[in-house]
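Participant: Below are the sequence and a predicted model; questions follow.
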Amino acid sequence: MSKEITHDGVVVRTDGRDVSVMIVQTSACSGCHAKGACMASDKDEKIIVADAGGQTFHPGDQVTLVGSNSMAWSALAYAFVIPTVLAMAVLFTAASFMGEGAAALAVLAFLALYYCVLWLFRDKMKTTFSFRVEPKRPSYGAE
C-alpha cells in the first residue's frame, strides 16, 4: 500500500512559495459508460493551495499533488470519527438529563460548535494538512 496520496491537477495561480492547483474529483461511477444517462455520476472541481517546494510553476502546468497517507487518516478522524464519538457522548449525557428532543438539539448545537472551532483553527491546521506539488510524471505503457 502506498504511503502517499496523489491527485493530478492544473496550476491556476502561483503566489511566491504557494501554488493553487485545480483538481477534478469524480465519483467512483464517473468512468462508467452509462454516466450520461445516470444521475449518480458526480464531478467536482476544487482548488488546492500547496507548497511549490522551491520549484517554479506557471498557470496551465500539469502537476501532481502529493500528500501523506497519514494526513488522510487524520483528516478523516477530525471530520467524521471524533465528532461522531463526541456527538454520541453528548446525546447520551443530555438524554439522561432532559428529553429526547432537547438532547437532539444539544447534539446539533455541539456539532455546529465543533465545526466552527475547526473552521477557526483552519490556518493552524494548514501546517498539518499540506500537499506538495511535483511536475506531472509521464505515464508509460498506458496505451
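Facilitator: Right, received. Where do you want to start?

Participant: Make sure L118 is actually in contact with Y78.
Facilitator: Yes. With contact taken as Cβ atoms under 8 Å, L118 and Y78 are classed as touching, separated by 6.6 Å. (C-beta placed from N, C-alpha, C; glycine too.)

Participant: where's R132 relative to S20, distance?
Facilitator: 14 Å (Cβ to Cβ, to the nearest Å).

Participant: oh sorry, the question was meant for S74
Facilitator: 23 Å.

Participant: what's the answer for V12, then?
Facilitator: Counting by Cβ to Cβ, the gap from V12 to S20 is 5 Å.

Participant: Give me the more crowded residue out of the two.
Facilitator: Neighbours were tallied for V12 and for S20 using other Cβ atoms under 10 Å; the higher tally belongs to S20 (18 against 14).

Participant: residues of the longest helix seen in the chain that come out buried?
Facilitator: Using DSSP state H to define each element, the chain has its longest helix at helix 100-120. For helix 100-120, the neighbour count (16 or more other Cβ atoms under 10 Å) marks A103, A106, V107, F110, Y114 as buried.
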